[in-house]
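*Asks:* I would like to see how this sequence folds:
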Amino acid sequence: MVRLLIVDDEEEIRTGIRDLIDWETNGIQVCGEASSGMEALKCVDETEPDIMLVDIRMPIMSGLEVIESLSSGKQHIKTIILSGFDDFLYAQKALKLGTFDYLLKPCRPEEILDTVLKAKALIEAERKKKEVLSRYKLQLSESLPILKEKFLTRLVKGEYKYIGNIKTKFEFFKMGIHPGNIKVGIVRIDDYFSMLNRFSNEDMELMKFAVKNITGELIGSRFNCDVFESNDDIIAIINIDEEQKSSFQSILDEIRQKIKSFLGFAVSIGVGNYYSSIDDLQHSYDEALEALEIRFFSGEDCVIHYEDISCFEEMKNSFPLIEERDILNCIKFGNEKNLHLQFEAFFSEISSKSNSKEHFLKSGMALLFSIYHLCIEKGIDTDEFWGQYSPFDEIAKLDTVGKLKAKLWDIVKFAYDKFNNKKNSNKLIELATKFIKQNYYKDIGLDTVAHEIYITPGYVSLLFKQSLGTNFVDYLHKTRIEKACEILKDIRLKTYEVSTSVGYNDEKYFTQIFKKYTGMTPTQYRDTLTF
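*Replies:* This is a model prediction of the structure:
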């Protein structure tokens, strides 16, 4: 509904305008009347009209003076001048004041209505435009963090072509940094691909969000910075002077420690060199990425500065063919004593000739392919330890030498066992199951057993699946539940005491596991016993 104020010093004219036209049917509400200019200004404040029909000639204050006196907050009102004076000067001044239209008395009701409806149409169009712009402004406000991250990603990767317009962009995105004295740090979650298999997408996003917040809060407490996510990395652009390097290092160490303490996983941080201009931002970003690649050799949970990696100069790559042949011979001829020695020699030879992560991974894949080819020649079903996922894909995702060696050793050892009638495999599984039966009531897991029999957790898991047809966790639960069934025969013991005695500190969890493997609760099982 559009609101209309009628202003004229003649009551008869005001009444005629009000009563002779069906305003309501046309979507217009007469919100007030005024007989003078001063009264009109008061009505404007009280009724907040959208349209004002006002006579030019009124005592004390004319209609033109009323229009001139409208406050800045009321100048949106569409004013329509009514006058019995056919004077061009009045019309000219009215138009200069922004009057919507100018009507000469006497006016027919149809003429007045037609002019008011035109003003109404304009008001509604303006309202719609304002509503649309307001909606777009809200959408822009909500999208601003995403747009800012895209801009920053393009900026560090050197994809933003309009570097001369950078100041405007910095103002638009309300950047925390300024274009000078700058360097880049990249925080990367260690063991990220392994975590993807253990946590949901939602949990992973929450973890990255937490890493970004911790990084932003700690760096932002001392330096101007902008922190954002790109390709699962958390990237920080920091304004910093070279003499602040020691204090910056302490913050990076604090970031690692807090993430490990609060979130329960490790991160590594690569840091590029300092540059005096935003034009060199991409160089610092590329250096930070290159510093992170050294994590493959230095291990996880570390801070690596690009300027400190000069010791990793490029060396000539070569493949250890002799060492690979010796590994294959140990597998084929059952030489277990030398198998691990030749395996270590394989990696020592690579290390002496290369410091390239890519070369290490390619060499590992080449050894894997040779073992695969050997198994095919001997008619061994590789799906038994290959599984449904390609080990080549898994190896490509490994981010440290230690993980690469552990993965390959599991495959080498399993291939050896398949070639040699499972003697060693049976011995290892015997040791593993014996340890579980002797320690089932303790807080033990896959890592505990692996450490006890001197193989990797991955290989322990593989042994249980291949030798016993079950996974490690199921075997441990079954062992504990079997013991629980024996202990339940002693009616003096409460359920929680039985639970604790077989390694479950949570009685509710114990009941769930017991029912899963026996089909009944501990109490129901005890009721079935004949004493």
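
*Asks:* C-alpha from now on. contacts and neighbour counts both.
*Replies:* Will do.

*Asks:* Which parts of the stretch 351-500 of the chain are helices?
*Replies:* With helices called from DSSP state H, counting those that start in this stretch, the stretch 351-500 of the chain shows them at 357-377, 383-386, 391-397, 401-419, 423-439, 446-453, 457-463, 472-487, 495-501.

*Asks:* Domains in this protein, by residue range?
*Replies:* Structural domains assigned to the chain are 2-128, 163-308, 315-421, 422-531, following automatic domain parsing.

*Asks:* could you dump these to a markdown table with distance to residue 149, mean pLDDT and mean neighbour count?
*Replies:* Shown next, in a markdown table, are the domains of the chain (distance: least, Cα to Cα, whole Å; pLDDT from 0 to 100; neighbours: other Cα atoms under 10 Å):
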| stretch | distance to residue 149 | mean pLDDT | mean neighbour count |
| --- | --- | --- | --- |
| domain 2-128 | 32 | 88 | 17 |
| domain 163-308 | 6 | 88 | 18 |
| domain 315-421 | 26 | 81 | 17 |
| domain 422-531 | 38 | 87 | 16 |
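
*Asks:* what's the closest of those domains to residue 156?
*Replies:* Shortest distance between residue 156 and these, using Cα to Cα, is found for domain 163-308: 4.7 Å.

*Asks:* ok, which stretches of the stretch 151-300 of the chain are strands?
*Replies:* Remark: strands assigned in the stretch 151-300 of the chain by DSSP state E, counting those that start in this stretch are 180-189, 225-230, 233-239, 267-271, 275-277.

*Asks:* one step back: relative to residue 41, which of the helices of the stretch 351-500 of the chain is closest?
*Replies:* Among the helices of the stretch 351-500 of the chain, the nearest to residue 41 by Cα to Cα is helix 391-397 (74.8 Å).

*Asks:* wait, isn't residue 103 in contact with residue 80?
*Replies:* Yes - here residue 103 reaches residue 80: they are 7.3 Å apart, a contact under Cα atoms under 8 Å.

*Asks:* which residues touch residue 428?
*Replies:* Contact partners of residue 428, counting by Cα atoms under 8 Å, 6 or more residues apart in numbering, are residue 453.

*Asks:* Correction: the previous question concerned residue 271.
*Replies:* Neighbours of residue 271 in contact, by Cα under 8 Å, 6+ apart: 183-186, 284, 287-289, 291, 303-306.

*Asks:* residue contacts, residue 363?
*Replies:* residue 319.

*Asks:* ok, residue 336 to residue 326 distance?
*Replies:* Per Cα to Cα, to the nearest Å, residue 336 is found 12 Å from residue 326.

*Asks:* Pick out the residue closest to the middle of the chain.
*Replies:* The chain has residue 205 as the residue nearest its centroid, 4.5 Å off, counting by Cα atoms, centre = their mean.

*Asks:* Reformat the helices of the stretch 351-500 of the chain as CSV; add distance to residue 350.
*Replies:* Listed next are the helices of the stretch 351-500 of the chain as CSV, based on distance: least, Cα to Cα, whole Å:
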stretch, distance to residue 350
helix 357-377, 7
helix 383-386, 25
helix 391-397, 16
helix 401-419, 11
helix 423-439, 29
helix 446-453, 27
helix 457-463, 24
helix 472-487, 34
helix 495-501, 50
